[in-house]
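In: Any chance you could fold what I've pasted below:
(chains A and B)
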Amino acid sequence: MADQQQNFRAPRGVDDILPDDQTLWNAVKSTAIQTARQFGYQQIDTPVFEHTGLFRRGVGDETDIVQKEMYSFKDLGGDSLTLRPEGTAPVCRSYIEHGMHNLPQPVRLFYIAPMFRYDRPQAGRYRQHHQFGCEAIGDPSPTIDAEIIEIGLRYITALGLSDVTVRINSIGDPATRTGHADDLRAYFTRYANDLPKVDRDRLDRAPLRLLDSKEPATQKLSANAPKSLDYLSDDAKNHWESLLTLLDGLKTAYPNFNYRIDHTLVRGLDYYNRTVFEFEPSTEGSQTSLFGGGRYDPLIGILGGNDTPGVGFGSGIERIILEIQRQESLKVANPPLNAVMVHVGDNATNRAAALAAELRNYGISILMAPAGKSMRAQMRYANRANANYAIIIGNREIEQNVAAIKPLQFDGEQLSVDLEVAAIAKTVCPIL
RNA sequence: GUGGGCGUAGUGUAGCGGUUAACACGUCAGGUUGUGGCCCUGAAGAUCGAGGGUUCGACUCCCUCCGUCCACCCCA
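Out: Residues are numbered from 1 along each chain as shown, chains lettered A, B, ... in the order given. Below you'll find the predicted structure:
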């Protein structure tokens, strides 16, 4: 608890995104937007908070997210609201609410939005994080599953990331899923004595979870455990096999693409069925999964809409950025300003301010050096500002009705031009 | 919720049972006549995370709490 004497810090698990980081953030976000648009996806923003019931029903009452990770609160009217912990349920709610089933199907949507989970922070995990997500609603075909995965591929490729493995699995439909879960439970129960405590504890609660356990003993048992792929209905099996064919077809366009069928891959949220996938870099450390997604055919029905299939993914921007920095895969820099205005003396300051405003009408970017400081101080300021030119106006210039223009990024002659917008604009921004 | 590492100026670090708590970067001001980058000089900036204890004396040793990082659970 910060008392009155202490300075405030950001709450645990949330961070400022400082100016130095914004360049990379913007690059990542605009890559996401470009990629999604290239596939014909349209942007959607849903509110930061929703009725708590949306997540309880959509994500699943028994999931960890709902059980212990939601930022829920009552508003002054007594409604229970929750800061969005994930993006799919809200998008589906919006799809239903706005009758998007009347649009040509499937409806393809994407978002970039903050998510909130009350979780213990660690590397790559925050209480507020941002996700780039895509959702395709209204098409049961595996071509859309493949499309969703391809968006992910194109996105990470555009960001220059390599060494990313795509793991994929099918967990079947709700009916066969419970059969599989029951058999899994039975299988692991037989070896209960060999299971480490953590895994014995979740045997009842979440038998699927034992498959991706980090305990070596459990991993050994998982190898021979019942596989969800052996439980697929004929429909689900066809869907799965078509998807694999489609993914193989992507290898021409994405020579480095390789997927790995991984029967230990399960997803934590209740609404998934059939296809599930994850993108993972070869980083050591553990909270590194860059993408998670899959098909969620039951969800719209669960939320009260007509049965409508859907498939999508969410990708953590913070993790993408960590990985970009680790691989040094993307170098970005802000473009320099056109000029810094250096002005000494009250007359000069007034002229300079007016002139700067006029120059901005030309689309020129211009930064005012701090008023009232020495020319040296202003020049030092200009030097740090990442600008191409200093426009220098002092008493001498006012008298002679000129502006001194000095290049800052390279050694060159200082010029003297008429104290007049067009002339200065042309000097400071030659393409004009 | 559980376990481990770490907490000294804005940042990164040094330090030791007794010092005016050091260094670098950064910030600010200067380096003669109005002009940046390199260089030089100077200044500001730290109740050494908080509270308690041991001691003649603690930034330094012990305990508690808090914060932070990492890991587990789980997830993006």
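In: Outline the domain layout of chain A.
Out: Structural domains annotated on chain A: A:19-172+A:232-327, A:337-428, as defined by automatic domain parsing.
In: first to last residue in the first one, what's the distance?
Out: According to Cα to Cα, to the nearest Å, domain A:19-172+A:232-327 extends 21 Å from its N-terminal end residue to its C-terminal end residue.
In: For that domain, the averaged confidence score.
Out: Domain A:19-172+A:232-327 shows an average pLDDT of 95 in the prediction.
In: Report whether that domain contacts RNA strand B.
Out: Yes - counting by Cβ under 7 Å from any atom of the strand, contacts between domain A:19-172+A:232-327 and RNA strand B involve A:63-65, A:69, A:86, A:115, A:117, A:119-126, A:129, A:131, A:267-269, A:278, A:285-287, A:289-292, A:314-316, A:318-319. Where you see a C-beta, it was placed from the backbone N, CA and C, and this is true even at glycine.
In: and what of the shortest one?
Out: Yes - counting by Cβ under 7 Å from any atom of the strand, RNA strand B has neighbours in domain A:337-428: A:342, A:344, A:373-377, A:379-384, A:390, A:392-397, A:404, A:406-411, A:414.
In: Which ones among the residues you listed map onto strands?
Out: Among these, DSSP state E puts A:Val342, A:Ala390, A:Ile392, A:Ile393, A:Ala404, A:Lys406, A:Pro407 in strands.
In: Among those residues, which pair sits farthest apart?
Out: Greatest spacing in those, by Cβ to Cβ: A:Ile393 and A:Pro407 (16.4 Å).
In: So for the two, which residue has more residues nearby?
Out: A side-by-side neighbour count of A:Ile393 and A:Pro407, using other Cβ atoms under 10 Å, places A:Ile393 first with 24 against 16.
In: Name the residues linked to the more buried one by a beta bridge.
Out: Beta-bridge partners for A:Ile393, by DSSP bridges, are A:His343.
In: Does it touch A:Ala354 like I think?
Out: No - here A:Ile393 lies out of contact with A:Ala354, judged by Cβ atoms under 8 Å, at a distance of 10.7 Å.
In: secondary structure class for A:Lys214?
Out: Under DSSP: H, G, I helix; E, B strand; the rest coil, the three-state class of A:Lys214 is coil.
In: How much space separates it from RNA strand B?
Out: Computed with Cβ to the nearest atom of the strand, to the nearest Å, the distance linking A:Lys214 and RNA strand B is 4 Å.
In: now do A:Leu109
Out: A:Leu109 is 16 Å from RNA strand B, where distance means Cβ to the nearest atom of the strand.
In: and that residue, which of the three is it?
Out: When classified by three-state DSSP, A:Leu109 comes out as strand.
In: Who are the contact partners of it?
Out: Contacts for A:Leu109 (Cβ atoms under 8 Å, 6 or more residues apart in numbering) come out as A:Tyr41, A:Gln42, A:Gln43, A:Ile44, A:Val91, A:Tyr95, A:Cys134, A:Glu135, A:Ala136, A:Ile137.
In: Now stretch A:257-268: buried residues?
Out: Within stretch A:257-268, the residues scored as buried using 16 or more other Cβ atoms under 10 Å are A:Phe257, A:Tyr259, A:Asp262, A:His263, A:Thr264, A:Leu265, A:Val266, A:Arg267.
In: out of those residues, which one sits closest to RNA strand B?
Out: Ranked by distance to RNA strand B (Cβ to the nearest atom of the strand), the buried residues of stretch A:257-268 are led by A:Arg267 at 6.3 Å.
In: quick revisit: now intersect the residues of domain A:19-172+A:232-327 next to RNA strand B with the strands, please.
Out: Using DSSP E to define strands, the subset of those located there is A:Met115, A:His129, A:Gln131, A:Glu278, A:Phe291, A:Gly292, A:Gly314, A:Ser315, A:Gly316.
In: so A:Lys220 sits in a helix?
Out: Yes - A:Lys220: assigned to a helix according to three-state DSSP.
In: got the contact list for it?
Out: Shown in contact with A:Lys220 (Cβ under 8 Å, 6+ apart): no residues.
In: With the one 5 residues further on instead?
Out: Taking Cβ under 8 Å, 6+ apart as the criterion, A:Ala225 is in contact with A:Leu184, A:Tyr187, A:Phe188, A:Leu210, A:Leu211.
In: got the residues you listed as CSV, with neighbour count columns?
Out: CSV is the format used below for the contacts of A:Ala225 (neighbours: other Cβ atoms under 10 Å):
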residue, neighbour count
A:Leu184, 22
A:Tyr187, 16
A:Phe188, 24
A:Leu210, 25
A:Leu211, 24
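In: among the residues you listed, which two are most distant?
Out: Going by Cβ to Cβ, the pair spanning the contacts of A:Ala225 furthest: A:Tyr187 and A:Leu211, at 10.5 Å.
In: returning to that earlier point: can you select the buried ones among the residues of domain A:19-172+A:232-327 next to RNA strand B for me in ChimeraX?
Out: Remark: buried members of these, expressed as a ChimeraX selection using 16+ other Cβ under 10 Å:
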select /A:63,64,65,69,86,115,117,119,124,125,126,129,131,267,269,278,287,290,291,292,314,315,316,318,319
